[in-house]
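Student: with the sequence up front, the predicted model follows.
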Amino acid sequence: MQLFFSLLKKYSFITIASFLYALGLTLFLEPNRIVPGGVTGIAMLLRGLSGIATGTWYLLLNIPLLLFGLFQFGLRFSIAGLYSTLMISIFANVIPVFLAGFPQVDLLAGTVAGGILCGLGLGIVFRQHTTTGGLDILVKYLRKRFPYIKTGMLFFIFDVIIILVYASVLGTINLIIYSCLVVYLSSKTMDTVLYGMDSAELIYIISNQSQEVARQLLYELGVGVTNLQAKGGFSAGDKQVILCAVKKRFTPEVEEIVKNIDQSAFLIISSASEIYGEGFKDFFIEKI
């Protein structure tokens, strides 16, 4: 029973995500001839050349990629990917029929709405550890090979290449610019869904009142701290350096605590793109 509800939840999210992606495509991007990149961009190009619906081309183009995903990631991943691909194909063909009277928005509004909706759909699907088909499979494969490159950046590289091909056949300079903006918005939205808006920061605190600073960080703010032993370069005296990792929204409170205790303290604050451990990411969850 637990497995059933788990699968129900997973495929419900995939259905919603597929609808959002298809909605952004058919309602905002396709009417304005703005390309979101990926296999969808190729499908739009083929629709312009053949007249066959984008959703149909999307399904046909994804078959070989889904077979590649089957060999690389297994049956469970491929079944979910096939389901998502079918849902996007169906929604992409059905939505224009049911929303035929929906007013067409201008290029900028279509770019922003379409980019965000497509990125949101992709991000939700990826959080279910599956794919919408297409370049998602290649991106997931490359993420395994090159884990230091973020998902959104890989999509951006592929999408720019496809946009340039599309533009050379059907596009104009304006459409190239708007299509690149769609890709940017989509990748940023997807990375926000996957990795969160609230990035973390790494803070080093060098203070003569390090014990009091550490105590207030621990008990007033609930921030974990680590004490590092150091030696001053000029004074050669022993120093205690406080190391802590906090979510970005707590940084001003850390600064306020240090300022109230020791105004001569030395702070180093740097961005931390990924932190694993209690209060942050689970080290044992598969990276997306």
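Tutor: Structure received.

Student: how about the helices in the stretch 151-288 of the chain?
Tutor: Per DSSP state H, counting those that start in this stretch, the stretch 151-288 of the chain carries helices over the ranges 151-169, 173-195, 210-219, 251-261.

Student: out of the ones you listed, which is closest to Ile137?
Tutor: Ranking those by proximity to Ile137 (CB to CB) places helix 151-169 first, at 11.4 Å. Every residue, glycine included, has its C-beta placed from N, CA and C.

Student: so Phe102 sits in a strand?
Tutor: No: counting by DSSP: H, G, I helix; E, B strand; the rest coil, Phe102 is not found in a strand; it is coil.

Student: do I have it right that it meets Phe28?
Tutor: No: using CB atoms under 8 Å, Phe102 is not in contact with Phe28, being 9.8 Å away.

Student: neighbour count for these two, which is higher?
Tutor: Neighbour totals were compared for Phe102 and Phe28, and Phe28 leads with 26 against 13 (other CB atoms under 10 Å).

Student: quick check: the more buried one touching Leu108?
Tutor: No: Phe28 lies out of contact with Leu108 (CB under 8 Å); the separation is 10.7 Å.

Student: quick one: the helices of the stretch 151-288 of the chain as TSV, columns for mean neighbour count too.
Tutor: Output for those, formatted as TSV (neighbours: other CB atoms under 10 Å):
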stretch	mean neighbour count
helix 151-169	18
helix 173-195	20
helix 210-219	17
helix 251-261	16
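
Student: how about a markdown table for those helices, with mean pLDDT and distance to Thr131 added?
Tutor: Formatted as a markdown table, those follow (pLDDT from 0 to 100; distance: least, CB to CB, whole Å):
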| stretch | mean pLDDT | distance to Thr131 |
| --- | --- | --- |
| helix 151-169 | 76 | 11 |
| helix 173-195 | 83 | 12 |
| helix 210-219 | 87 | 42 |
| helix 251-261 | 86 | 36 |
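
Student: next, format the ones you listed as a markdown table and append distance to Leu120.
Tutor: As requested, the helices of the stretch 151-288 of the chain are exported to a markdown table (distance: least, CB to CB, whole Å):
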| stretch | distance to Leu120 |
| --- | --- |
| helix 151-169 | 13 |
| helix 173-195 | 6 |
| helix 210-219 | 36 |
| helix 251-261 | 27 |
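
Student: list of residues touching stretch 86-98?
Tutor: 14-15, 18-19, 21-23, 25-27, 30, 53-56, 58-59, 132-133 (CB atoms under 8 Å, 6 or more residues apart in numbering).

Student: report the buried members of the residues you listed.
Tutor: Buried subset of the contacts of stretch 86-98 (neighbour count, 16 or more other CB atoms under 10 Å): 14, 18-19, 21-23, 25-27, 30, 53-56, 58-59, 132-133.

Student: looking at these, which are in strands?
Tutor: Of those, none are assigned to strands by DSSP state E.

Student: now for Ser271, how many residues are close by?
Tutor: Ser271: 9 neighbours (other CB under 10 Å).

Student: and for Val97?
Tutor: By other CB under 10 Å, the residues close to Val97 number 8.

Student: which pLDDT value goes with it?
Tutor: Predicted confidence (pLDDT) for Val97: 87.
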